[in-house]
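1. Sharing a model that was predicted from the sequence below.
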Amino acid sequence: MSTPAAPSVASTIDAQNAGKYLTVALDNESYGVAVLKVREIIRMQKITPVPQMPEFVKGVINLRGRVIPVIDLRVKFSLKAEFADRTCIVVVQVKLTPQQTVQMGLIVDSVEEVVTLTGKEIEPTPEFGVHIDSAYLLGMAKVNGKVKTLLDIDRVVAPESLSAVLQSA
């Protein structure tokens, strides 16, 4: 009598990451953000700069009476910062600590679609052969023959940077 093999750690992680993702474009690449983290999508507006912030922190916006920090994902991912007609801000809920969550805006080139991913469509982040920080990646999804990078939005912005923005706002 044979016993079934225990599920691998990778397949368990992929199953945990299954669900709906909002896909956005940055420099002709697709990234996925868990839909449950997304609060709204707004068009670009005037961003008030905040002094002495990291380069990727563009400043803050006033969203219906709330001050929301805004980061440019292009700059965060070391891409050339530029705006186009479809550039927008995706407002997401970010968990700073287990007890504290904040809303913040992410500048993206465009919003693509909402996709539902199963655990089988998600692969773990590959080893790149060199040490890179992939802690903010949940995995890679295969959707209609294209690869989409799934982001752990809570880790995309280092909590220290986000805390500094909130304290100065």
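-> Everything's here; your move.
2. Next one: Arg66 relative to Gln100, how far apart?
-> 15 Å (C-beta to C-beta, to the nearest Å). For glycine as for every other residue, the C-beta is placed from the backbone atoms N, C-alpha and C.
3. next one: Glu82
-> Computed as C-beta to C-beta, the Glu82 to Gln100 distance reads 33 Å.
4. How about Glu40?
-> In terms of C-beta to C-beta, Glu40 sits 20 Å off from Gln100.
5. Val75 belongs to a helix?
-> Yes - assessed by DSSP: H, G, I helix; E, B strand; the rest coil, Val75 belongs to a helix.
6. my guess is it contacts Glu82, does it?
-> No - judged on C-beta atoms under 8 Å, Val75 makes no contact with Glu82 at a distance of 10.3 Å.
7. More neighbours: which of these two?
-> Applying other C-beta atoms under 10 Å to Val75 and Glu82 shows that Val75 carries more neighbours, namely 16 against 10.
8. give the contact list for that one.
-> For Val75, the contacting residues are Glu55, Phe56, Lys58, Ala81, by C-beta atoms under 8 Å, 6 or more residues apart in numbering.
9. Repeat the analysis, applying 6 Å as the threshold.
-> Glu55, Phe56, Ala81 (C-beta atoms under 6 Å, 6 or more residues apart in numbering).
10. Equivalent analysis for Ile61, please.
-> For Ile61, the contacting residues are Gln45, Ile47, Ile68, Val70, by C-beta under 6 Å, 6+ apart.
11. Mind checking which of the residues you listed are buried?
-> Listed as buried from the contacts of Ile61 are Ile47, Ile68, Val70; burial here means 16 or more other C-beta atoms under 10 Å.
12. would you list those in TSV and tack on pLDDT and secondary structure?
-> Listed next are these as TSV, based on pLDDT from 0 to 100; DSSP: H, G, I helix; E, B strand; the rest coil:
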residue	pLDDT	secondary structure
Ile47	95	coil
Ile68	94	strand
Val70	94	strand
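13. of all these, which comes closest to Val94?
-> Ile68 (10.5 Å; C-beta to C-beta).
14. ok, the closest one touching Leu106?
-> No - Ile68 is beyond contact range of Leu106, at 10.5 Å (criterion: C-beta atoms under 6 Å).
15. Show me the shaky parts of this protein.
-> Filtered on pLDDT under 70, the chain yields the residue ranges 1-15, 127-134, 158-169.
16. same thing but 80
-> The chain contains residues with pLDDT under 80 at 1-16, 81, 96-97, 125-135, 157-169.
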